[in-house]
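1. Next input, structure requested:
(one chain, ligands or ions: 1)
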Amino acid sequence: MWVVFMCLVALIAVWVSHWVYIWQNPKCNWKLPPGSMGFPLIGETLEYFTPHSLYDIPPFIKKRITRYGSLFRTNLVGQNIVVSTDPEFNYHIFKNEGKSFLFWYPESFTEIFGGQDILTYHGVVHKYLKNLVLHLVGPENLKAKLLSEMEEMTRKHLTSWARCGTTVDIKQVSSEMVFNYFAYKLIGYDGLEGTRKLRENFSAIINGIISFPLSIPGTAYHACLQGRKNALKMIKEKFDERKASNKKYGDYLDHLLEEVKKEDTILTEEIAVNLVFGLLFATYETTSTALTLAVKFISDHPRVQAELAIEHMQIIKNRQRKDSQITWQEYRSMTFTHMGNELHLGSKTFMGFGGGVRLCVGADFAKVQLAIFIHQLVLNLRWTVVKGGDIIRKPTLTFPNGLHLQILEKHL
Ligand code: HEM
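-> Predicted coordinates for the structure are as follows:
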């Protein structure tokens with residue numbers, strides 16, 4: 001009996017060590033770079049998600065660069081992956097997307113995006129969807145329509161924050177401002193209550209998108225999938241509402257529905273709904289995070305704040321001599337060219353908007369929104385940070401205690 005038990009234990013031990021060996025040395029037709037696959041099933045996910053500071057290379061990455069070099073293998077959120085920290089190589093990957101490399105997201109992401117969105121498609125369909133988005137946020141529409149609307153919308157919000165008699169958390173209010181405006185532009189969402197509900201669903205999605213993909217009630221991933229379900233339902237209702245009405249609004253939702261009706265189109269209503277979902281997701285946190293970060297950096301450097309005010313006053317003076325409207329090219333170059341030059345960022349080390357055919361399609365929209373906001377903030381208002389400003393990456397960038405500003409109009 002004792003011998004049988006010992007044999008069983010030995011067999012289990014051999015099986016477990018074989019399983020661990022297979023886990024740590026995944027099959028590959030080519031030679032894999034060095035690295036560790038971590039613990040079975042969870043890989044190195046927990047270490048990857050450990051919160052860290054903004055101002056250094058993430059410890060997870062730093063440790064592995066020291067140990068293995070710029071290219072290493074690991075396992076995160078249930079996927080075996082190779083991480084490249086080499087800017088030249090990353091640039092090469094972006095340039096060869098669709099040729100030697102194929103863009104791909106982990107399965108947990110695909111489940112959230114539904115597999116019918118711009119990120120999932122390649123080649124002709126991807127190009128078609130990209131152009132469809134550019135119809136709304138590309139340079140043409142920015143120049144013709146959005147720029148003056150965004151100026152007006154930003155001015156209104158900044159003034160209301162200055163007059164509200166209390167401090168505002170710039171992360172929260174700017175997130176609401178950008179999301180509400182974009183939801184309105186995309187599908188005509190303008191009811192305050194409805195937009196708040198839609199925003200809450202995207203908040204759940206963002207909180208769970210980079211989390212361990214375990215879908216049981218109580219987990220962030222589960223809440224994220226619920227958020228997707230609810231948000232899709234709300235978007236779909238808007239499509240149905242518009243189809244049932246005979247009225248034409250001439251907005252982006254009309255444009256999408258007209259595209260769906262065309263005979264030779266690739267666009268189905270399901271893809272269009274998923275596209276809107278993806279775009280709201282892409283807008284929800286990105287622009288407001290960049291905006292809050294910019295305000296934080298400026299407030300940390302009073303000299304920069306003073307120089308910005310002089311520079312922007314100069315822009316206005318020059319404009320009044322020619323034509324009073326600031327052009328989108330001027331807005332576009334205001335923030336990012338200066339920031340890039342200051343930080344000596346080369347195009348291969350600063351790829352905040354991705355690269356190659358996957359370059360962020362909303363980059364111009366985001367840059368212009370950022371420039372308009374900074375322009376109006378430094379020119380028309382006095383403001384000070386009164387609370388918050390801590391920044392944590394886990395690994396997405398968060399402001400755990402917000403960034404609270406006291407804003408006053410300059411003439412007060
Ligand atoms: C500061 C703000 C933003 C940043 C930093 C940013 C960053 C990025 C990055 C890094 C990518 C590449 C993703 C990848 O390669 O996996 C991307 C793609 C994308 N972004 Fe943005 N984004 C911003 C704002 C926006 C906005 C406002 C929109 C809405 C129009 C948008 C729409 C998209 C879309 C649709 C893609 C996918 C492009 C494709 O696959 O061809 N982004 N963005």
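2. In contact with residue 401, which residues?
-> 387, 388, 389, 390 (CB atoms under 8 Å, 6 or more residues apart in numbering). (Each C-beta comes from the backbone N, C-alpha and C, glycine too.)
3. Would you verify that residue 109 is located in a strand?
-> No: assigned with DSSP: H, G, I helix; E, B strand; the rest coil, residue 109 falls outside any strand and is helix.
4. what's around it, how many residues?
-> Using other CB atoms under 10 Å, residue 109 is surrounded by 17 other residues.
5. just residue 100 next, same as before
-> Here the number of neighbours of residue 100 (other CB under 10 Å) works out to 9.
6. mind listing the strands for this structure?
-> 52-53, 71-76, 79-84, 168-169, 381-388, 392-393, 397-398, 403-409 (DSSP state E).
7. Now do the fifth one, average pLDDT.
-> I take that to be strand 381-388. Per-region confidence: strand 381-388 scores 95 on mean pLDDT.
8. Can you give me every residue that contacts the residue in the chain that the ligand sits nearest to?
-> With CB to the nearest ligand atom, the shortest gap between the chain and the ligand falls at residue 362, namely 2.2 Å. With contact set as CB under 8 Å, 6+ apart, residue 362 has these partners: 133, 137, 279, 282, 283, 286.
9. How about the residues of the stretch 101-250 of the chain by the ligand?
-> Counting by CB under 6 Å from any ligand atom, the stretch 101-250 of the chain comes close to the ligand at 118, 119, 130, 133, 137.
10. Name the nearest of these relative to residue 74.
-> Taking CB to CB as the measure, residue 74 sits nearest to residue 119 out of these, at 22.0 Å.
11. any idea how far residue 312 is from the nearest residue to residue 408 once chain neighbours are set aside?
-> In space, and not counting its chain neighbours, residue 408 is closest to residue 382: 4.7 Å by CB to CB, 6 or more residues apart in numbering. As judged by CB to CB, to the nearest Å, residue 382 and residue 312 stand 14 Å apart.
12. same thing with residue 160?
-> For residue 160 relative to residue 312 (CB to CB), the value is 21 Å.
13. now residue 293
-> Distance of residue 293 to residue 312, computed by CB to CB: 19 Å.
14. show me where the stretch 51-200 of the chain has helices.
-> Assigned by DSSP state H, counting those that start in this stretch, the stretch 51-200 of the chain shows helices spanning 59-68, 87-95, 107-113, 123-137, 139-141, 147-163, 170-187, 192-209.
15. The stretch 201-350 of the chain too?
-> 220-244, 252-261, 269-284, 286-300, 302-321, 328-342.
16. I'd like these laid out as JSON lines, including mean pLDDT and mean neighbour count.
-> Below are the helices of the stretch 201-350 of the chain laid out as JSON lines (pLDDT from 0 to 100; neighbours: other CB atoms under 10 Å):
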{"stretch": "helix 220-244", "mean pLDDT": "94", "mean neighbour count": "17"}
{"stretch": "helix 252-261", "mean pLDDT": "95", "mean neighbour count": "17"}
{"stretch": "helix 269-284", "mean pLDDT": "94", "mean neighbour count": "21"}
{"stretch": "helix 286-300", "mean pLDDT": "94", "mean neighbour count": "19"}
{"stretch": "helix 302-321", "mean pLDDT": "81", "mean neighbour count": "13"}
{"stretch": "helix 328-342", "mean pLDDT": "62", "mean neighbour count": "16"}
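17. now the ones you listed in JSON lines, with distance to residue 125?
-> Converted to JSON lines, the helices of the stretch 201-350 of the chain look like this (distance: least, CB to CB, whole Å):
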{"stretch": "helix 220-244", "distance to residue 125": "20"}
{"stretch": "helix 252-261", "distance to residue 125": "13"}
{"stretch": "helix 269-284", "distance to residue 125": "9"}
{"stretch": "helix 286-300", "distance to residue 125": "24"}
{"stretch": "helix 302-321", "distance to residue 125": "41"}
{"stretch": "helix 328-342", "distance to residue 125": "29"}
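18. do you know which of these lies nearest residue 201?
-> helix 220-244 (4.1 Å).
19. for that closest one, packing partners?
-> helix 107-113, helix 170-187, helix 192-209, helix 252-261, helix 269-284 (3 or more CB pairs under 8 Å, 6 or more residues apart in numbering; DSSP states H and E).
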